[in-house]
Structure formats: C-alpha cells, structure tokens
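Engineer: Have a look; sequence and predicted model below, questions after that.
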Amino acid sequence: MSSIVGKPFPTGFHFNYVPFDAEDQKNKLSCKIPIQFKLTPENLQGKKIVITAAPAAFTPTCTLSHIPGYISHVDEFISKGVDTIFVITADTAFVNSAWGKLLGQKLPIQFASDPQAAFSKSIGFAKDYNPEMGTLTERYTIIVEDGVITYAEKEPKGDVTVSGAEAALAKL
C-alpha cells in the first residue's frame, strides 16, 4: 500500500480537461476548449473522486484493457457514490479528449491532462522514459474521499491489476 494513503490530497495541482458533451461526442474530429480542475481542498470537500492514470493516451494496454473497464463499469462507480473519474496522462487535454471519444466516454468520466506529469511526479507515480518520450505518468489508481486519499496503488509491472476498475470498485 502506498505511503500517501490516509493523507490529505496534495494541493497546488490541477488537471486540464475538455468537458464531456454527448453532442460533441458525435463529432470525433473536434473538441471544445479545455478547462482546469484545481485539486484544492474546497473542490475535493464532500466528493468521492477516482483518478486512474495511464502512461499515455492510445497506448495498447490502457486502450484495450485498463480504461475500457472504467467505461463498462461506470454505473457501478455511480452507485458507490463516485462524483468524478479522472483518466489522466501527461498528454494534452485535446489528445485525452480524442482518446475518450474513441473509447466511448461516459459521464462521470473525464479524460484529463496532468501537465508535465506534475501531480504524478509529486506522489512518486511518474517515470522518466527516454529523452524522446520524457516523463510520463505511470499506470495507477487513487481514490480520494472528502479530500483524503483512501486508496493509491501503482502497477508493479505492465499489467492491469491494482489500477483496474475492479480493483478500484473493491476499495469503494
């Protein structure tokens, strides 16, 4: 178990995302202007949020097995009181929005950017790849309830075990 479990969510970070819009979903080639979700105690108070990270949008494992589980189990997350599920990478909000459209995004899932993997680095869940790829988020999942981290696990290998939808649902 991660050392951040039981601690307040770190402040001073934000995610950028293009808000999901069912009409916009039909047009696969465009998206709206990204907005910022500030990860502050005020924005997390009284909320249950799941954050699941992938090294990059469109990567094989995350596109084929990791993120589709969240989409197919979205009703179960809602029934457990989850307000928002953020799917994050260090890619831009535009890239993540396109990825969400491809995967059939549903609310309350938002595909978001962790700019330069700043948040992920702060919790030790980022990895420096080669100079061409830079620093990326690792594959992980965090559950935040009322501003406190209740679950945080990073994949030990390339599989989807502790970061998958089933693992998150079991911890809610």
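Structural biologist: Cool, got the structure.
Engineer: Give the burial count for residue 116, as a bare number.
Structural biologist: By the criterion of other C-beta atoms under 10 Å, residue 116 has 13 neighbours. All C-beta atoms are positioned from the backbone trio N, CA, C, and that covers glycine.
Engineer: Can I take it that it is in a strand?
Structural biologist: No. Read with DSSP: H, G, I helix; E, B strand; the rest coil, residue 116 is helix and lies in no strand.
Engineer: Can you name the residues that contact the residue lying closest to it once chain neighbours are set aside?
Structural biologist: With C-beta to C-beta, 6 or more residues apart in numbering as the criterion, residue 116 has its nearest non-adjacent residue at 6.3 Å, and that residue is residue 90. Neighbour list for residue 90: 56, 113, 114, 115, 116, 117, 120, 126, 134, 135, 136, 137 [criterion: C-beta atoms under 8 Å, 6 or more residues apart in numbering].
Engineer: which of those residues count as buried?
Structural biologist: 56, 113, 114, 115, 117, 120, 126, 136, 137 (16 or more other C-beta atoms under 10 Å).
Engineer: May I ask you to name the longest helix in the chain?
Structural biologist: As assigned by DSSP state H, the longest helix anywhere in the chain is helix 93-103.
Engineer: who's in contact with that helix?
Structural biologist: 16-18, 20, 25, 28, 31, 34, 57-58, 63, 67-68, 71, 87-89, 91, 109-113.
Engineer: partner strands of the helix or strand that it is followed by, parallel or antiparallel?
Structural biologist: Following helix 93-103 in sequence order, the next helix or strand is strand 109-113 (DSSP states H and E). Looking at strand 109-113 with DSSP bridges, its partner strands are strand 13-17 (antiparallel), strand 84-89 (parallel).
Engineer: Can I get the ones you listed in a markdown table including distance to residue 51?
Structural biologist: What follows is those, written out as a markdown table (distance: least, C-beta to C-beta, whole Å):
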| stretch | distance to residue 51 |
| --- | --- |
| strand 13-17 | 8 |
| strand 84-89 | 5 |
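Engineer: about what we covered before: show me which of the buried ones among the contacts of residue 90 is closest to residue 45.
Structural biologist: Comparing the buried ones among the contacts of residue 90 against residue 45 with C-beta to C-beta places residue 114 closest, at 21.2 Å.
Engineer: Isn't that closest one up against residue 15?
Structural biologist: Yes. Using C-beta atoms under 8 Å, residue 114 is in contact with residue 15, at 6.1 Å.
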